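Enquirer: structural data only, the sequence is not supplied:
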């Protein structure tokens with residue numbers, strides 16, 4: 001079995017990485033903090049032109065028909081630049097949820113998926129594990145739970161209350177709405193499966209961004225420590241400082257395989273997806289949080305200041321840590337899976353459906 005990404009995936013990744021690095025700068029992020037929405041319609045249009053909003057939309061609805069494994073490297077790069085726009089949640093969470101609705105919702109899919117692919121409509125997703133809904137203020141449609149039911153609620157039918165986040169780029173809202181037969185798109189039985197799958201996809205989306213954030217924090221910290229000097233030498237040349245960043249780099253490398261494995265399991269519909277996603281979320285969060293801790297330390301007193309870009313990425317890592325399940329939740333899922341009676345463990349069962 002070939003576990004490497006193919007040439008097309010890598011070329012697309014390099015192209016998108018270059019675009020994001022050039023366009024989504026810390027300066028642009030800071031500028032968006034001062035706007036009412038905190039979002040850039042121009043940037044969203046550019047992302048749509050690149051085909052990113054269409055990646056997981058089926059070809060029958062005007063999309064590219066790709067899967068989670070095709071997008072996971074791009075989601076990581078979105079984390080690397082701390083992209084504020086809800087691209088990752090759109091591609092990995094909202095689109096698959098809509099596409100997974102039953103055949104009786106064909107007209108609903110035909111109404112929304114082509115518009116999402118073109119970048120002309122945005123969808124926010126609520127979940128039982130996330131009491132606050134991200135980007136509800138710019139959404140044309142909200143997919144919300146009522147028990148295990150799935151409701152598709154137009155933006156004009158909800159009331160929003162902003163809840164401040166530790167990350168200024170995160171726009172989280174308490175959503176007040178009234179369930180009705182007109183908004184129901186999946187009943188309790190069907191909805192339970194849909195919300196379970198949405199939890200996995202949301203956690204995967206957060207995990208991918210966490211890995212990118214960890215990488216960016218290391219890069220920022222290394223650059224800073226080679227610019228700052230003590231005793232006539234860059235502080236980055238001191239062994240103790242090197243060890244701080246090396247420890248994070250090790251965590252990053254060990255988190256890559258669980259993340260890509262989780263994307264594979266979801267893309268292939270494997271029964272191990274839940275365990276793999278929780279493993280990935282734990283591993284990437286550990287790397288990102290250690291990166292934030294050590295990054296502050298090697299920055300010295302400057303690490304606590306607003307002027308240094310470190311806090312942009314550090315605060316995003318803190319915010320995503322509890323998104324789509326806390327560490328305790330995901331540790332329990334891994335434990336329950338490994339200790340379950342008849343659990344298939346060992347290398348020979350790594351890719352059993």
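Expert: That came through fine. From a predicted model like this one, the values you see are computed outputs, not experimental measurements.

Enquirer: all strands of this protein, in order?
Expert: 123-125, 133-134, 141-146, 149-154, 159-163, 172-176, 184-186, 229-230, 233-234 (DSSP state E).

Enquirer: now render these as a markdown table, adding distance to residue 338 and mean neighbour count.
Expert: Every residue, glycine included, has its C-beta placed from N, CA and C. What follows is the strands of the chain, written out as a markdown table (distance: least, CB to CB, whole Å; neighbours: other CB atoms under 10 Å):
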| stretch | distance to residue 338 | mean neighbour count |
| --- | --- | --- |
| strand 123-125 | 29 | 26 |
| strand 133-134 | 31 | 22 |
| strand 141-146 | 29 | 22 |
| strand 149-154 | 31 | 21 |
| strand 159-163 | 35 | 13 |
| strand 172-176 | 33 | 16 |
| strand 184-186 | 31 | 20 |
| strand 229-230 | 47 | 11 |
| strand 233-234 | 45 | 12 |
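
Enquirer: mind putting those in a markdown table, distance to residue 295 included?
Expert: Output for the strands of the chain, formatted as a markdown table (distance: least, CB to CB, whole Å):
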| stretch | distance to residue 295 |
| --- | --- |
| strand 123-125 | 31 |
| strand 133-134 | 24 |
| strand 141-146 | 35 |
| strand 149-154 | 39 |
| strand 159-163 | 26 |
| strand 172-176 | 24 |
| strand 184-186 | 42 |
| strand 229-230 | 18 |
| strand 233-234 | 16 |
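
Enquirer: the ones you listed: which one's closest to residue 100?
Expert: strand 184-186 (8.7 Å; CB to CB).

Enquirer: name the residues that touch that closest one?
Expert: Applying CB atoms under 8 Å, 6 or more residues apart in numbering, the external contacts of strand 184-186 come out as 101, 102, 105, 108, 143, 149, 150, 151, 152, 194.

Enquirer: name the nearest residue to the fifth one, sequence neighbours excluded.
Expert: What it means is residue 143. residue 125 (4.8 Å; CB to CB, 6 or more residues apart in numbering).

Enquirer: just the pLDDT for that neighbour.
Expert: You'll see residue 125 listed with a pLDDT of 98.

Enquirer: can you pull out the helices in the stretch 251-353 of the chain?
Expert: For the stretch 251-353 of the chain, applying DSSP state H, counting those that start in this stretch gives helices covering 273-299, 310-321, 327-338.

Enquirer: which strands and helices lie in contact with the second one?
Expert: Under the contact criterion of 3 or more CB pairs under 8 Å, 6 or more residues apart in numbering; DSSP states H and E, helix 310-321 touches helix 26-33, helix 188-227, helix 273-299.

Enquirer: which residues sit against the shortest one?
Expert: Under the criterion CB under 8 Å, 6+ apart, residues 38, 39, 40, 82, 84, 168, 169, 309, 312 lie in contact with helix 26-33.

Enquirer: contacts only, for the residue nearest to residue 208 when sequence neighbours are not counted.
Expert: Excluding its sequence neighbours, the residue lying closest to residue 208 (CB to CB, 6+ apart) is residue 75, at 3.6 Å. Residues near residue 75 by CB under 8 Å, 6+ apart: 88, 91, 92, 205, 208, 209, 212.

Enquirer: isn't residue 88 right up against residue 208?
Expert: Yes - applying CB atoms under 8 Å as the test, residue 88 and residue 208 come out as touching, 6.9 Å apart.

Enquirer: before we move on, the earlier item: closest one to residue 115 among the helices of the stretch 251-353 of the chain?
Expert: Closest among those, using CB to CB: helix 310-321, at 27.4 Å.

Enquirer: tilt between the closest one and helix 188-227?
Expert: Here helix 310-321 runs at an angle of 160 degrees relative to helix 188-227 (axes from the mean of the first three to the mean of the last three CA atoms, to 10 degrees).

Enquirer: now helix 310-321: mean pLDDT?
Expert: On average, helix 310-321 scores 96.

Enquirer: now swap in stretch 260-271 and tell me
Expert: 95.

Enquirer: I'd assumed residue 140 was in contact with residue 155.
Expert: Yes - counting by CB under 8 Å, residue 155 touches residue 140, with 5.7 Å between them.

Enquirer: quick revisit: among the strands of the chain, which comes closest to residue 25?
Expert: strand 133-134 (22.1 Å).

Enquirer: for that closest one, name the packing helices and strands.
Expert: Checking 3+ CB pairs under 8 Å, 6+ apart, strand 133-134 ends up next to strand 123-125, strand 172-176.

Enquirer: that older thread, now pLDDT and distance to residue 50 too, for the contacts of strand 184-186, in a markdown table please.
Expert: Below are the contacts of strand 184-186 laid out as a markdown table (pLDDT from 0 to 100; distance: CB to CB, whole Å):
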| residue | pLDDT | distance to residue 50 |
| --- | --- | --- |
| 101 | 96 | 27 |
| 102 | 93 | 31 |
| 105 | 95 | 28 |
| 108 | 96 | 26 |
| 143 | 98 | 24 |
| 149 | 97 | 35 |
| 150 | 97 | 30 |
| 151 | 98 | 31 |
| 152 | 97 | 27 |
| 194 | 97 | 29 |
